[in-house]
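Trainee: Here's a sequence, model it:
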Amino acid sequence: MRLTNVYRLGLKELISLRYDPVLVLLILYAFTFAIIAPARGVKLELKNASVAIVDEDRSPLSARMAESLRLPYFQSPDHIGVADIDATMDAGQYTFVIDLPPRFQADAEEGRSPAVQVNVDATAMAMAGAGARYLERVLTDEPLRYLHGDQAEAPDQVVPVTRLAFNPNGESTWFLAVMQIVNMVTLLGIVLTGAALIREREHGTIEHLLVMPLTSAEIMLAKVWANALVIVVAATLAMLVVVQGLLGVPNAGSLGLFVLGLGVYLFALTAFGILLATLTRTMPQFGLLSIPLFLVMYMLSGANTPLDAMPDLLRRLMLISPTTHFVAFVQSVVFRGAGLELVWPHLAATLGLGALAFAIALARFRQTVSLTRL
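Mentor: Modelled structure (predicted):
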């Protein structure tokens, strides 16, 4: 194998990508708007939640309870009747409906501990959980302050102190922006390389390569380094300009280490892309095969839900996915500031899985080349 051939074939890949406006626009979109929109538009914390109050008491205390629900956590509460609770909840008009019973203030003043019903639409899981905890605190503290003064505190014998590590303000933008880079890298790493190989086959240029003194490994490595280079550059710029610049997300670790891990991960992804391309004949077939694989690799990688929350068998099965190790690598480096001495096992696992995928893809590619020559 000659590195000169790999280099020149890689340049050919970059030139062909340059004249493919659809893929160029896809790359630009993936590392700009596709990162900004979810990071700013999707909120995992409690913010601007819709709430309604059924005030059956109409007392100063019940009015104070309604006034305690303020922006940015809640929208201005709407007042509805008891008969409207089920209908509005079924229609999804409110995430929370609070029912303050009759004699709410009188029972509180007499020490009878009145019960308050809070109806929660748990289809919005993240907001429902955070909002329920917030409302529980409001419903406990506000009557106490009203009856005993604003300086009154609950007689807790144990006072919990919560410390948020790595994201002290609980900003979902920090998490979503970085994970969107992982998402786009995973998608494009598979699609670009597989599309390059299928494009050669559909345009008939694969036959031109076969009559040249080139080996299958040279052709594959050229596609790997060229497409991986494009994504590495785009993802690095997205981390610097979009994530850190526009969105203000800090990088606690080393940018160089992040780029190193990105390169190793893309070696594995591009090998997967070539492998899928050898199993299909057209771009529609490749899309139908690659999208389900991408969704499984990303959704079960720990990027959205912790691996500890998954069934044991599924968690062990996902260890053969390079995305699982790369997500753990990115979270350790970007959020926790981990160094190479802590994340090298993830890099080694990603490199090993990439080498295995490359070997299988090379065997499949050689078989495809042999059939084409025949």
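
Trainee: longest helix anywhere in the protein?
Mentor: helix 340-373 (DSSP state H).

Trainee: And that helix, what's buried?
Mentor: 343, 346-347, 349-351, 353-354, 357-358, 361-362, 364-365, 368-369 (16 or more other C-beta atoms under 10 Å). The C-beta positions use only the backbone N, C-alpha and C, and glycine is treated the same way.

Trainee: Give me the distance between the spatially closest residue to Leu260 that is not a sequence neighbour and Gly263.
Mentor: Nearest residue to Leu260, sequence neighbours excluded (C-beta to C-beta, 6 or more residues apart in numbering): Leu347, at 7.5 Å. From Leu347 across to Gly263, the span is 10 Å (C-beta to C-beta, to the nearest Å).

Trainee: which stretches of the stretch 251-374 of the chain have low pLDDT?
Mentor: Along the stretch 251-374 of the chain, the parts satisfying pLDDT under 70 run over 369-374.

Trainee: so where do the helices sit in it?
Mentor: All helices of the stretch 251-374 of the chain, identified by DSSP state H, counting those that start in this stretch, fall at 255-278, 283-299, 312-317, 322-330, 340-373.

Trainee: Between those helices, which one is closest to Val233.
Mentor: Closest approach to Val233 among the helices of the stretch 251-374 of the chain (C-beta to C-beta): helix 255-278, 9.5 Å.

Trainee: what distance separates the closest one from the middle of the whole chain?
Mentor: Centroid displacement of helix 255-278 relative to its chain, using C-alpha atoms, centre = their mean, to the nearest Å, is 18 Å.

Trainee: orientation of that helix relative to helix 340-373 in degrees?
Mentor: Counting by axes from the mean of the first three to the mean of the last three C-alpha atoms, to 10 degrees, helix 255-278 lies at 20 degrees to helix 340-373.

Trainee: helices and strands around helix 255-278, which ones?
Mentor: Packing partners of helix 255-278 (3 or more C-beta pairs under 8 Å, 6 or more residues apart in numbering; DSSP states H and E): helix 172-203, helix 216-237, helix 283-299, helix 322-330, helix 340-373.

Trainee: Most tightly packed of these?
Mentor: helix 322-330 (a mean of 26; mean count of other C-beta atoms under 10 Å).

Trainee: Could you provide the helices and strands packed on helix 255-278 in CSV, with additional columns for distance to Thr305?
Mentor: Formatted as CSV, those follow (distance: least, C-beta to C-beta, whole Å):
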stretch, distance to Thr305
helix 172-203, 12
helix 216-237, 23
helix 283-299, 8
helix 322-330, 11
helix 340-373, 18
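
Trainee: of all those, which lies closest to Leu100?
Mentor: helix 172-203 (30.8 Å).

Trainee: okay, the angle between that closest one and helix 216-237?
Mentor: Going by the same axes, to 10 degrees, helix 172-203 makes 150 degrees with helix 216-237.

Trainee: average pLDDT across helix 172-203?
Mentor: Averaging pLDDT along helix 172-203 gives 89.

Trainee: quick one: the closest residue to Tyr265 other than its chain neighbours from Pro114, how far?
Mentor: Once flanking residues are discounted, Tyr265 sits nearest to Phe326: 4.3 Å by C-beta to C-beta, 6+ apart. Going from Phe326 to Pro114 by C-beta to C-beta gives 52 Å.

Trainee: Buried residues, stretch 133-140. List them.
Mentor: So, applying 16+ other C-beta under 10 Å, buried residues of stretch 133-140: 134-135, 138.

Trainee: Could you do stretch 70-86 as well?
Mentor: Across stretch 70-86, burial judged by 16+ other C-beta under 10 Å covers 73-75, 77, 80, 84-85.

Trainee: pretty sure Thr173 is touching Pro38, no?
Mentor: No. Thr173 is beyond contact range of Pro38, at 9.3 Å (criterion: C-beta atoms under 8 Å).

Trainee: Pick the one among the buried residues of stretch 133-140 closest to Arg8.
Mentor: Tyr134 (61.1 Å).

Trainee: So what's the predicted local confidence for the closest one?
Mentor: 85.

Trainee: between the helices of the stretch 251-374 of the chain, which one is nearest to Asn227?
Mentor: Closest to Asn227 of the helices of the stretch 251-374 of the chain, according to C-beta to C-beta: helix 255-278, at 5.8 Å.

Trainee: quick one, the closest one and helix 322-330 angle?
Mentor: 170 degrees.

Trainee: quick one: the residue nearest to Thr368 when sequence neighbours are not counted from Leu269, how far?
Mentor: Spatial nearest neighbour of Thr368, chain neighbours left out: Thr278 (5.1 Å); criterion: C-beta to C-beta, 6+ apart. Plainly put, Thr278 is 15 Å away from Leu269 if you go by C-beta to C-beta.

Trainee: and stretch 50-69, which residues are buried?
Mentor: Those buried within stretch 50-69 under the rule 16+ other C-beta under 10 Å are 50-55, 57, 59, 61-62, 65-66, 68-69.

Trainee: and of those, the nearest to Asn183?
Mentor: Using C-beta to C-beta, the buried residues of stretch 50-69 come closest to Asn183 at Ser50, 28.4 Å.

Trainee: Among the buried residues of stretch 133-140, name the ones in helices.
Mentor: 134-135, 138.

Trainee: May I have the helix or strand harbouring Ser16 exported as PDB, CA atoms only?
Mentor: Under the criterion of DSSP states H and E, Ser16 resides in helix 3-18. Extracted C-alpha coordinates of helix 3-18, given in PDB (Å, rounded to 0.1, in the frame of the first residue of the first chain):
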ATOM      1  CA  LEU A   3       0.500   6.500   1.100                       C
ATOM      2  CA  THR A   4       0.800   8.700  -2.000                       C
ATOM      3  CA  ASN A   5      -2.200   6.900  -3.600                       C
ATOM      4  CA  VAL A   6      -4.200   7.300  -0.300                       C
ATOM      5  CA  TYR A   7      -3.400  11.000  -0.200                       C
ATOM      6  CA  ARG A   8      -4.300  11.600  -3.900                       C
ATOM      7  CA  LEU A   9      -7.500   9.600  -3.700                       C
ATOM      8  CA  GLY A  10      -8.400  11.600  -0.600                       C
ATOM      9  CA  LEU A  11      -8.000  14.800  -2.400                       C
ATOM     10  CA  LYS A  12     -10.300  13.500  -5.100                       C
ATOM     11  CA  GLU A  13     -12.900  12.800  -2.400                       C
ATOM     12  CA  LEU A  14     -12.600  16.400  -1.100                       C
ATOM     13  CA  ILE A  15     -12.900  17.800  -4.600                       C
ATOM     14  CA  SER A  16     -16.000  15.700  -5.400                       C
ATOM     15  CA  LEU A  17     -17.600  16.800  -2.000                       C
ATOM     16  CA  ARG A  18     -16.900  20.400  -3.000                       C
END
